[in-house]
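> Quick one: sequence plus predicted model below, questions after.
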Amino acid sequence: MPDLNAFITQRIDFAPGLAVLRVAPDGWELPAFKPGQFAVLGLAASAPRCADSEPEDPAPAPDAFIRRAYSIASSSLEREYLEFYIAHVKSGSLTPRLFSLQVGDRVWLSPKASGLFTLEQVPEDQNLIFISTGTGLAPYMSMIHTHLNPSQTRRIAVLQGARNSWDLGYRAELFHLQHLASNFTYIPVITRPAAELVPWKGHTGRLQAFWGERVLDAVWGFAPSPADTHVFLCGNPDMIEAMKPLLEAEGFKLHTKQEPGQIHVEEYW
């Protein structure tokens, strides 16, 4: 069983079951990584599960070690810790154990990062649209923390979907960035406004329907096209599968290793 080679330096709970964990290595250097990549966290099966998790069926062997990949949300320029944006899956194996951790508790962190969901093949003069649901926002936060530059002409937009406003992790930071950088746009969209404690004055509906309202076109003053924009999709598979044909109808092409395009997809649900 691997040694728990890192520890929690900060925990921020956005809402019940939605948290940011900052993880620092203990006695070793963090690996270099590209914004958008992921690292792996791990705990022993004997580690406690948080109180509101569901029983495991079947339960893992007591000597088992549970590992899962999570997108890094922190800047690639940050060398002291990695930040992870995590949702509690009550029936899951690892997240109920991660949600029992507090500052100072130990965890296993992989010695390298991986993944191809990056900006490596996007020209620097191309605009970026980051579309996400749930914790699919995490890789975009790493990209924004690393690459957002108010002096650039490149426009960056985040379209974030959630059920309710309290599920919009990083919302305050993204609104703040919008005021600091004129080339950055943040548009949150929720699907259950009737449940809000305070009347929701923002946009509503599913992201694929919201895309058809052309709100971003109005904000930017032009319609993004394959000639000037790359679109990233991360989150719920239903959202991704609904967005792809909409974008393809506008001339955007799915990006693959063999055939470069303007639609970049990360499916880790």
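Sure, I can see it.
> C-alpha from now on. contacts and neighbour counts both.
Fine.
> Just give the number of residues close to the closest residue to residue 18 other than its chain neighbours.
Once flanking residues are discounted, residue 18 sits nearest to residue 87: 4.6 Å by Cα to Cα, 6 or more residues apart in numbering. Other residues within reach of residue 87, judged by other Cα atoms under 10 Å, total 19.
> Residue 159 now?
Around residue 159 there are 20 residues (other Cα under 10 Å).
> Please apply the same query to residue 29.
Quick note: residue 29 (other Cα under 10 Å) scores 12 neighbours.
> The chain should start at 30 in everything you say after this.
Taking 30 as the first residue, the last one we looked at is residue 58.
> Using CSV, write out every CA atom in the longest helix along the chain.
The single longest helix within the chain, with elements called by DSSP state H, is helix 266-278. Extracted in CSV, the C-alpha atoms of helix 266-278 (Å, rounded to 0.1, in the frame of the first residue of the first chain):
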residue,chain,number,x,y,z
PRO,A,266,-22.2,13.7,-20.7
ASP,A,267,-25.8,14.7,-21.7
MET,A,268,-24.7,18.3,-22.0
ILE,A,269,-21.6,17.4,-24.0
GLU,A,270,-23.6,15.2,-26.4
ALA,A,271,-26.2,17.9,-26.9
MET,A,272,-23.7,20.7,-27.5
LYS,A,273,-21.6,18.9,-30.1
PRO,A,274,-24.2,18.8,-32.9
LEU,A,275,-25.2,22.4,-32.1
LEU,A,276,-21.6,23.5,-32.6
GLU,A,277,-21.0,21.3,-35.6
ALA,A,278,-24.0,22.9,-37.2
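> Now tell me what touches it from outside.
162, 235, 236, 237, 262, 263, 282, 283, 292, 294, 296, 298 (Cα atoms under 8 Å, 6 or more residues apart in numbering).
> need the contact list for residue 62.
Here residue 62 is in contact with 105, 141, 142, 143 (criterion: Cα under 8 Å, 6+ apart).
> switch to 10 Å and redo it
Counting by Cα atoms under 10 Å, 6 or more residues apart in numbering, residue 62 makes contact with 68, 101, 104, 105, 106, 141, 142, 143, 144.
> For burial, what's the neighbour tally of the fifth one?
By the other Cα under 10 Å criterion, the neighbourhood of residue 106 contains 14 residues.
> gap between the helix or strand following the longest helix of the chain and the chain center?
Next along the chain after helix 266-278, taking DSSP states H and E as the criterion, comes strand 292-295. With Cα atoms, centre = their mean, to the nearest Å as the basis, strand 292-295 stands 13 Å off its chain's centre.
> Quick one: mean pLDDT for strand 292-295?
The average pLDDT for strand 292-295 rounds to 96.
> helices or strands up against that strand?
strand 156-162, strand 258-263, helix 266-278 (3 or more Cα pairs under 10 Å, 6 or more residues apart in numbering; DSSP states H and E).
> Residue 32 is nearest to which of the ones you listed?
strand 258-263 (31.7 Å; Cα to Cα).
> Which positions in that closest one come out as buried?
Neighbour-count burial for strand 258-263 flags 258, 259, 260, 261, 262, 263 (criterion: 16 or more other Cα atoms under 10 Å).
> Surely the residue nearest to residue 47 touches residue 166?
No - taking Cα atoms under 10 Å as the definition, residue 116 is not a contact partner of residue 166, at 11.5 Å.
> Please give the element, helix or strand, for residue 108.
Using DSSP H and E, no helix or strand contains residue 108.
> Against residue 32, how distant is the nearest residue to it once chain neighbours are set aside?
Using Cα to Cα, 6+ apart and skipping the chain neighbours, the partner closest in space to residue 108 is residue 59 (6.4 Å). Applying Cα to Cα, to the nearest Å, the value for residue 59 to residue 32 is 16 Å.
> Of the two, which one has the most company?
Neighbours per residue (other Cα under 10 Å) separate residue 59 from residue 32, with residue 59 holding more: 19 against 12.
> Residue ranges of each domain in the protein, please.
35-138, 156-295 (automatic domain parsing).
> still on that earlier bit, looking at the helices and strands packed on strand 292-295, which is closest to residue 172?
For the helices and strands packed on strand 292-295, distance to residue 172 was read as Cα to Cα. The smallest value, 9.8 Å, belongs to strand 156-162.
> how big is the angle separating the closest one from helix 266-278?
150 degrees (axes from the mean of the first three to the mean of the last three Cα atoms, to 10 degrees).
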